[in-house]
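Asker: how would this look folded up:
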Amino acid sequence: MNSFLVVTSARNLVAADVDAAQNALVAHGYKGGAAQGLDDYAVQIPFASDRPEFAPANWLPESDLDLNITPARGREKRALVADMDSTIIGVECIDELADYAGVKAEVAEITERAMQGGLDFEGALIARVALLKDLPVSKLGQCYDERVRLNLGARRLVQTMVARGAYTALVSGGFTFFSSRVAAEAGFNEHRANVLERKGERLTGTVELPILGRQAKLDALLEICAAQKIAPEETIALGDGANDLAMVKAAGLGVAYRAKPALAEQANAVLNHSDLRAVLALQGLVV
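Answerer: Coordinates of the predicted model:
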C-alpha cells in the first residue's frame, strides 16, 4: 500500500461514511485496506495506486465528506506556510475595514474578482486601499476585536505542527496590523504581510511597496525552506484564492481550503467541508 484515501468532515464520521469511501475506491478500480481512525472527524484507508497525486474531490459530490489522496511516503511535513484571510481567519480584513469606511460593496467586489484570478492582485490591492483613505487608525483595532476570529481548527493545526518540530509562517496579502495579531493568537513562528501607511491617526490610502502578492508568497516559502534547510517537498502551503496559487503548486502538499476554482483545480488536496484540523489528518497525524 503506497497511498492513503483520507476521509474528513466537519462532523464526526460514522460507519456509513467509511463504507461510502470504500465503495468509491472500488468503483474507481482500487481495493482499500482496513480503515484507520485518526480522530472522530477523520479516517484513512490504505490502498495501492500508480498515481498517488490525484485528488478524488468529486467522488462523492453529494456528501459533506472531503476525500483526498496522499502518498504514504513523506506525509508529515516540516513547514507550514498559510494564507490568512478566509483561510486561517473567516473574513477578508480589507472588506471589513471597508465596511467601517462605508465602501464595503465596492471593495468586496474587487476582492472577489482578484481572488478568482480575474484581476492582478497588486493593482487590485492598491485600488482597494485607496478607498480606505482617511479611515481612522483606531478602526483597525475595532475591526480586529469585533470581526476577526480564527477558523475552527486553526490553532490546533499550527500548535500541533510547532510541537512536532515544524516551522510555521503566516504569509498574507493582507496587512501586518492583523497578521501580527492572528499569528500570535494561532501560534505561528512568524508572519509576513503588507503595511498600511498612515499620517497621524488616519490612513493615507496607500500601502508600502513592494506589495506582498503571489510571487512574494512563493518567495517566502522558498526562503523558509532555505533557512530551515528543507526541500519544498517537505512543506505544506495552505490558501483559498488565486493569490496563493504559486506557493500551493510549489509545496509538497498544496491545500485548497474552501477555495476559489482557480486554486482548487491546482491543489494536491481540497477541503470544501472540513475544518483546518483536516490538514493534520492529511499528514496521517492522530491528533
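
Asker: compute the first-to-last residue distance for stretch 68-75.
Answerer: Start-to-end span of stretch 68-75 (CA to CA, to the nearest Å) is 13 Å.

Asker: tell me the mean pLDDT over that stretch?
Answerer: For stretch 68-75, mean pLDDT is 93.

Asker: buried residues in it?
Answerer: For stretch 68-75, burial by neighbour count (16 or more other CB atoms under 10 Å) applies to 68, 69, 70, 71, 72, 75. C-betas here are computed from N, CA, C, even on glycine.

Asker: could you do stretch 179-196 as well?
Answerer: For stretch 179-196, burial by neighbour count (16+ other CB under 10 Å) applies to 179, 181-183, 185-189, 191-194, 196.

Asker: stretch 37-55 now?
Answerer: The neighbour-count check on stretch 37-55 (16+ other CB under 10 Å) flags 38, 39, 41, 42, 43, 44, 45, 47, 49, 52, 55 as buried.

Asker: and the strands in the stretch 51-200 of the chain, which stretches?
Answerer: 66-71, 79-82, 167-175, 190-194, 196-199 (DSSP state E, counting those that start in this stretch).

Asker: quick one, what contacts residue 106?
Answerer: Residues in contact with residue 106 (CB atoms under 8 Å, 6 or more residues apart in numbering) are 98, 131.

Asker: how much space is there between it and residue 196?
Answerer: Distance, residue 106 to residue 196, using CB to CB, to the nearest Å: 18 Å.

Asker: so the lowest-mean-pLDDT helix or strand in the chain versus strand 167-175, what angle?
Answerer: Least confident helix or strand, the chain: helix 104-115 with a mean of 86, by mean pLDDT, DSSP states H and E. Note on geometry: by axes from the mean of the first three to the mean of the last three CA atoms, to 10 degrees, helix 104-115 and strand 167-175 are set 130 degrees apart in direction.

Asker: distance between helix 104-115 and the chain's centre?
Answerer: 19 Å (CA atoms, centre = their mean, to the nearest Å).

Asker: what of stretch 4-23?
Answerer: With CA atoms, centre = their mean, you get 22 Å for stretch 4-23.

Asker: end-to-end on that stretch?
Answerer: Terminal residues of stretch 4-23 lie 15 Å apart, using CA to CA.

Asker: then stretch 196-209?
Answerer: Stretch 196-209: ends 10 Å apart by CA to CA.

Asker: check which residues of that stretch are buried.
Answerer: For stretch 196-209, the neighbour count (16+ other CB under 10 Å) marks 196, 198, 203, 204, 205, 206, 207 as buried.

Asker: in strands, which of those appear?
Answerer: Taking DSSP state E, the ones among these that sit in strands are 196, 198, 203, 204, 205, 206, 207.

Asker: okay if I get those residues as a markdown table plus distance to residue 4?
Answerer: As requested, those are arranged in a markdown table below (distance: CB to CB, whole Å):
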| residue | distance to residue 4 |
| --- | --- |
| 196 | 43 |
| 198 | 49 |
| 203 | 48 |
| 204 | 51 |
| 205 | 49 |
| 206 | 48 |
| 207 | 42 |
